[in-house]
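Asker: The sequence and its predicted three-dimensional model are supplied below.
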Amino acid sequence: MTTITEPNREYDIIVQGATGFTGRLVAEYLLRQYGKDGVIKWALAGRSKEKLEKVREDLGPNANTLDLIVADSFDKNALRVMAARTSVVLTTVGPYALYGSDLVAACVETGTHYCDLAGEVHWIQKMIDTHQKQASKTGAKIVHCCGFDSIPMDIGLWFLQDAAYRKHGKYCKSISMMVRATKGAVSGGTLASIINAIKESRKDRTIARTLVQPYSLNPEGERKGPDTKDQQKVIYRVDAKTWTAPFVMAGVNTKVVRRSHALAGYPYGREFRYDESVMTGHGISGWLKGVTIIIGLGALMFFLSFSVTRNLLQRFVFKKPGEGPNRTLQKNGYFNLIQLGRLSDGTIIRGRITGDQDPGYGSTSKMISECAVCLAKDDLQAKGGVWTPASIMAEPLIKRLRKNAGLTFDLLN
């Protein structure tokens, strides 16, 4: 199949899933930040023309000539035609294990770059193993995990290692990322993805092993290393002077970071270690908060493991995919992450990453938008393949995130 060359593309970016909650936020951000036909030329896509027309109407008069593209997630021909028209497909349609595979295949086939919000480790591994070779031939750059999981962590680690090398002439041998504070709602799409992963892992034990294997997203043949399973209990960190508890998204983020390191050729050494946790504070109150988190996570996983309780939670408690918080909650949200790196001589280097909106929606929509613009417009030297954000666009992306997306990356010492 002949790859369609970049100059022949009609659009820079097509937003697939524009009628969903996060897709609408992406469309609003692109219009506000880049206009309709300014730096980028973009279009809206989804399975319903009527809903797309409503989204365009809601965006206001500045969007009234935005092109609309109808493409269902299971219509392979429509997906391929759509992919062939653009340099980048940005998709918010999840769970990706249910709705994303045909779109990735279409992008790989047509040499189209792609970014998503996937946090489904077993599906991402499947995409790597299925498409890496062909994507390297067609030139398609496939980038998963372009939202809160795992942009701040993946790009943040690159930032701290770069700062360590500039300041000390060497890289950190280990880095811990600790969530200091967050405010925001859990994405309905994220919950749907977690539920689908639990369902699939109960049917297929190889999926269960993939979800917990620390290096499951590394290239084939390199899925081993010094890190063990993610933190499962309350641990006191003397170097940070705080109790820490398990972080629910560590199971995705840590694997993405390790894949970035592998794709870069292990510049930090094959014994480099990385972990994530939640800071819970000092003394007995900090310990009790950590225990409460563990009990809460355990209860959630227990109830999600059984169809009756799972269905009740989905019906009465959880947000549905496509639903999200109101504007005030989005804008009042934030996240504050602390990094602690250790050099081989014991020197500690600290960093901080912050976001100015709700991590699951407001910040995520800005992060994935800037990833798409970066893929479309920046001179990325990497060839086609299945990449992580840091392995393909760390330096240009961190500039965009700082300038446009409300993220900060700071060295504390």
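Answerer: Structure received. Note that this is a predicted model, so its numbers are computed, not measured.
Asker: I'd say residue 91 and residue 101 touch.
Answerer: No - under the criterion of CB atoms under 8 Å, residue 91 is not in contact with residue 101, lying 11.5 Å apart. For glycine as for every other residue, the C-beta is placed from the backbone atoms N, C-alpha and C.
Asker: So for the two, which residue has more residues nearby?
Answerer: Taking neighbours as other CB atoms under 10 Å, residue 91 and residue 101 compare with residue 91 leading, 29 against 17.
Asker: Please name the bridge partners of the more buried one.
Answerer: Residue 91 has these beta-bridge partners by DSSP bridges: residue 16.
Asker: Domain map for this protein?
Answerer: Residue ranges for the domains of the chain, per automatic domain parsing: 6-147+362-404, 151-358.
Asker: right, so of those domains, which gets closest to residue 410?
Answerer: With CB to CB, the closest approach to residue 410 among the domains of the chain belongs to domain 151-358: 4.9 Å.
Asker: Could you work out the end-to-end span of that closest one for me?
Answerer: 14 Å (CA to CA, to the nearest Å).
Asker: what does stretch 245-256 give?
Answerer: Distance between the two ends of stretch 245-256: 20 Å, counting by CA to CA.
Asker: for the record, mean pLDDT for that stretch?
Answerer: Within the predicted structure, the mean pLDDT of stretch 245-256 is 96.
Asker: List the buried residues for it?
Answerer: By 16 or more other CB atoms under 10 Å, the buried positions in stretch 245-256 come out as 245, 246, 247, 248, 249, 250, 251, 252, 253, 254, 255, 256.
Asker: Could I get those residues in TSV, plus columns for distance to residue 85?
Answerer: As requested, these are exported to TSV (distance: CB to CB, whole Å):
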residue	distance to residue 85
245	47
246	43
247	39
248	38
249	34
250	38
251	36
252	31
253	33
254	36
255	33
256	29
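Asker: Off-centre distance for stretch 224-238?
Answerer: Going by CA atoms, centre = their mean, to the nearest Å, the spacing between the C-alpha centre of stretch 224-238 and its chain's C-alpha centre is 22 Å.
Asker: mind checking the end-to-end distance for it?
Answerer: In terms of CA to CA, the two terminal residues of stretch 224-238 are separated by 28 Å.
Asker: So for that stretch, mean pLDDT?
Answerer: On average, stretch 224-238 scores 97.
Asker: on that earlier part again, take the domains of the chain and write them to TSV, including distance to residue 411.
Answerer: Output for the domains of the chain, formatted as TSV (distance: least, CB to CB, whole Å):
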stretch	distance to residue 411
domain 6-147+362-404	13
domain 151-358	5
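Asker: buried stuff in stretch 274-284?
Answerer: Residues 274, 275, 276, 277, 278, 279, 280 are the ones in stretch 274-284 that count as buried (16+ other CB under 10 Å).
Asker: For the stretch 151-300 of the chain, which segments are assigned as helices?
Answerer: Secondary structure of the stretch 151-300 of the chain, counting by DSSP state H, counting those that start in this stretch: helices at 151-168, 188-203, 205-212, 250-263, 283-304.
Asker: any idea which of those helices is most buried?
Answerer: Of all these, helix 250-263 has the most neighbours on average by mean count of other CB atoms under 10 Å, namely a mean of 25.
Asker: just checking, what packs against that one?
Answerer: Applying 3 or more CB pairs under 8 Å, 6 or more residues apart in numbering; DSSP states H and E, one finds that helix 250-263 makes contact with helix 121-138, helix 151-168, strand 273-281, helix 389-404.
Asker: any low-confidence regions in the stretch 201-350 of the chain?
Answerer: 321-322 (pLDDT under 70).
Asker: again, 90 this time
Answerer: 201-205, 301, 304-307, 310-311, 313-331 (pLDDT under 90).
Asker: Check which helix or strand residue 325 maps to.
Answerer: In the assignment (DSSP states H and E), residue 325 maps to no helix and no strand.
Asker: how close does the residue nearest to it when sequence neighbours are not counted get to residue 332?
Answerer: Excluding the flanking residues, the one nearest residue 325 by CB to CB, 6 or more residues apart in numbering is residue 185, at 4.4 Å. Between residue 185 and residue 332 the computed distance is 11 Å (CB to CB, to the nearest Å).
Asker: ditto for residue 232
Answerer: 32 Å.
Asker: repeat for residue 347
Answerer: 37 Å.
Asker: Same check on residue 30?
Answerer: In this view, residue 30 and residue 332 are 23 Å apart by CB to CB.
Asker: So between the two, which is more surrounded?
Answerer: residue 30 (27 against 14).
Asker: Can you report phi and psi for that one?
Answerer: Here is the backbone geometry of residue 30 (degrees, to the nearest 10): phi -60, psi -40.
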